[in-house]
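1. Let me see the structure of the following:
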Amino acid sequence: MKTATAKELRNHGSAILKRVRNGDEVVITMRGKSIAVLKPVGEPNKPFSTAGFGIWKGRKETADVQRWLDQRREKRYRR
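-> So this is what the prediction gives:
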């Protein structure tokens, strides 16, 4: 179980929540005392599965499904 201070939670909240999403439990401390535990509600995120794309199995442009999806999403979600 990992620990983080209240200040770390305030300053790096998204990174701590990412660890929780990946299945870690994080104890939040304030002035050296444990005050809370952040833990995932359900299962950790499952890796992306391409099983739903079986109908496009033989197509060249979808040989790498994740890359194909990233190219389609790039126009909408510029990073």
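
2. Do I have it right that residue 23 meets residue 42?
-> No - in this structure residue 23 lies outside contact range of residue 42 using C-beta atoms under 8 Å: 10.1 Å. Backbone N, C-alpha and C define where each C-beta goes, glycine included.

3. Who has more neighbours out of these two?
-> Each of residue 23 and residue 42 had its neighbours counted (other C-beta atoms under 10 Å), and the higher figure belongs to residue 23 (11 against 5).

4. Now that we're looking at that one, what pLDDT does it have?
-> For residue 23, the pLDDT comes out at 87.

5. Can you tell me how far it is from residue 13?
-> Distance of residue 23 to residue 13, computed by C-beta to C-beta, to the nearest Å: 18 Å.

6. Which strand residues bridge residue 38?
-> residue 26 (DSSP bridges).

7. Tell me the pLDDT of it.
-> With respect to pLDDT, residue 38 scores 93.

8. Run the chain-centre distance for the lowest-mean-pLDDT helix or strand in the chain.
-> The weakest-scoring helix or strand in the chain, judged by mean pLDDT, DSSP states H and E, is helix 65-74 (a mean of 81). Computed by C-alpha atoms, centre = their mean, to the nearest Å, the chain-centroid distance of helix 65-74 equals 18 Å.

9. Need the CA coordinates for that helix. CSV is fine.
-> C-alpha atoms of helix 65-74 as CSV (Å, rounded to 0.1, in the frame of the first residue of the first chain):
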residue,chain,number,x,y,z
VAL,A,65,-6.5,-1.6,-34.6
GLN,A,66,-5.1,0.6,-31.8
ARG,A,67,-3.1,2.7,-34.3
TRP,A,68,-6.1,2.9,-36.6
LEU,A,69,-8.3,4.2,-33.7
ASP,A,70,-5.7,6.7,-32.6
GLN,A,71,-5.5,8.1,-36.2
ARG,A,72,-9.3,8.5,-36.2
ARG,A,73,-9.4,10.1,-32.8
GLU,A,74,-6.5,12.5,-33.5
